[in-house]
Structure formats: structure tokens, C-alpha cells
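K.L.:
Need coordinates for the below:
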Amino acid sequence: MGKVKLTKGELKRQRDALRQYERYLPTLQLKKQQLQVEILHQAMALEEKRKAEAAGIEAIKPWSGLLVSDRMDLLPWITPKRIVTGARNIAGVDLPFLDKAEFETPEYDLFITPLWVDAAIDALRELVALQEEIEIIEKGIEILRQELRITTQRVNLFEKIKIP
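P.N.:
Residues are numbered from 1 along each chain as shown. I've put the predicted structure just below:
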């Protein structure tokens, strides 16, 4: 830190800076707490989605033999046409969330196609949408962690360097 001049003007500047730091520090500490709480909420939501994904995979396992048949290619019907995301503001940070996953409407001959295809497409679409949501939640957690790191650095700067 540079040498402080011993003048009235410099004393006033130092007092004003101290007042400003003491005013901003509680706001930064509150932001830090909000970010920590939101990281916990997102982690719990991520865990729930992963459990739902595992349950979805278990529900599809009985169909695994049918899904690998050469006659049926379900990939075009379960690949998302468009992923619609939104953003919500938490403590000044824009977090992405999944609004909806849009899929192509399946068009196939109802007389030739087996009966299980509709149920399989629905189950696989739910699983794909769940996987997209998991990816978005993971991105959100990473954004929150980065912002928490920056906020923690600022709080430490004010508490340990600027205010004493």
C-alpha cells in the first residue's frame, strides 16, 4: 500500500473511503450469504433431478431389447428440436433454467408401427428433457460458484485490507 500523506485533505479522503467501505460491506456479506443458500438449493434440485433420471432409466430398461431393433429408429423423435431456456436473477446473478424442450412430432404409419412406440417415445423424451435440465442446473451452479468466489474476494478485501 502506498504511503499516506499527513494532510487534512488526505484524512478526509481516507474517512470518506472508510465510510463507503463500511456501507458496502454489509451488502456484499448479504450477497455472499444469498449465493451460498442458492448454491445449496441448486445442489438439492440437481440431486432430485439425478434421482428422477435414474428412475427414468430404470423404467426404460424393460424396453431396452425393443429399442435396439433395426426396424425402429426413434432418435429423430427423441432429439430436441429446440431447448427453450430462461433466466432468473438471484442476488444480481442471472441463472439459466429450462423452460421447455420442444421435439418433432412423430409421423409414422399406425398400422405398421408397434404399439409400444408411443409410450417409449414419451418416456425417452422425458428422460432427454431431464438430462437437459440437469446440464442447465450444473451450469447455474458453476455460475453461482464463480460469483461467490468473486464476492468472497471482495468481502475479504474490505474486511482485511481496506477497512483496518
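K.L.:
Would you mind listing where the protein has pLDDT under the threshold?
P.N.:
Filtered on pLDDT under 70, the chain yields the residue ranges 1-2, 69-71, 163-164.
K.L.:
which stretches of it form strands?
P.N.:
Using DSSP state E, the strands found in the chain span residues 80-90, 93-103.
K.L.:
what bridges to residue 83?
P.N.:
Here residue 83 sits in beta bridges with residue 101, going by DSSP bridges.
K.L.:
show me what contacts it?
P.N.:
98, 101, 102, 132 (CB atoms under 8 Å, 6 or more residues apart in numbering). Where you see a C-beta, it was placed from the backbone N, CA and C, and this is true even at glycine.
K.L.:
picking that back up, could you dump the strands of the chain to a markdown table with distance to residue 52?
P.N.:
Shown next, in a markdown table, are the strands of the chain (distance: least, CB to CB, whole Å):
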| stretch | distance to residue 52 |
| --- | --- |
| strand 80-90 | 18 |
| strand 93-103 | 13 |
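K.L.:
Would you mind finding the most buried of those?
P.N.:
The highest mean neighbour count among the strands of the chain, using mean count of other CB atoms under 10 Å, belongs to strand 93-103: a mean of 16.
K.L.:
In this structure residue 140 contacts residue 88, no?
P.N.:
No. Assessed by CB atoms under 8 Å, residue 140 is found out of contact with residue 88, at 9.4 Å.
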